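J.: 3D model of this:
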Amino acid sequence: MGYAEFNTKDKTRFRKWLKSHLVYGEVYVSFTKKDGTLREMRCTLNEEIVPKYEKTTETERKKNDEVMAVFDLDKSEWRSFRLDSVKEVRFDLAEIEQARFNLES
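T.: Got it, this is the predicted structure:
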């Protein structure tokens with residue numbers, strides 16, 4: 001079962017789960033891009049790693065709970081992906097225990 005088949009409660013739970021790991025540290029996210037290609041991104045929301053954001057315009061973006069904005073550690077730029085396109089999430093805990101959340105299993 002994938003994100004698209006989740007009910008509202010499970011979608012909220014998955015978003016919170018993913019964000020909690022992104023805030024903690026480095027996460028590998030595999031997802032399908034709009035053009036249909038598969039992309040694996042090493043990303044984070046950890047404030048110790050992400051450069052301080054400075055707002056340059058007064059424009060407010062509409063919040064979209066179906067999209068996750070993250071900092072791409074390889075490109076050193078902000079990127080986003082649709083949660084319904086996520087195929088796999090991987091992360092390391094204390095370099096000893098590896099956890100894996102695979103939406104296709």
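J.: that's a helix at Thr57, yeah?
T.: No - Thr57 is assigned coil when assessed by DSSP: H, G, I helix; E, B strand; the rest coil, not a helix.
J.: and the gap between it and Ser80?
T.: 18 Å (Cβ to Cβ, to the nearest Å). (Each C-beta comes from the backbone N, C-alpha and C, glycine too.)
J.: which one of the two is surrounded by more residues?
T.: Under the neighbour definition other Cβ atoms under 10 Å, Thr57 and Ser80 were set side by side, and Ser80 has more, 11 against 6.
J.: tell me how far that one lies from Ser20.
T.: 18 Å.
J.: got it, and Gly2?
T.: Distance from Gly2 to Ser20, by Cβ to Cβ: 20 Å.
J.: just the pLDDT for Lys55.
T.: Reading off the confidence values, Lys55 has pLDDT 69.
J.: for this protein, what spans make up the strands?
T.: Remark: strands of the chain, listed N- to C-terminal, are 27-32, 38-44, 67-72, 77-82, 86-93, 97-102; assignment by DSSP state E.
J.: for these, which one sits closest to Thr12?
T.: Taking Cβ to Cβ as the measure, those were each checked against Thr12, and strand 67-72 came out nearest at 12.9 Å.
J.: compute the inter-axis angle for the closest one and strand 27-32.
T.: 130 degrees (axes from the mean of the first three to the mean of the last three Cα atoms, to 10 degrees).
J.: alright, calling it a day.
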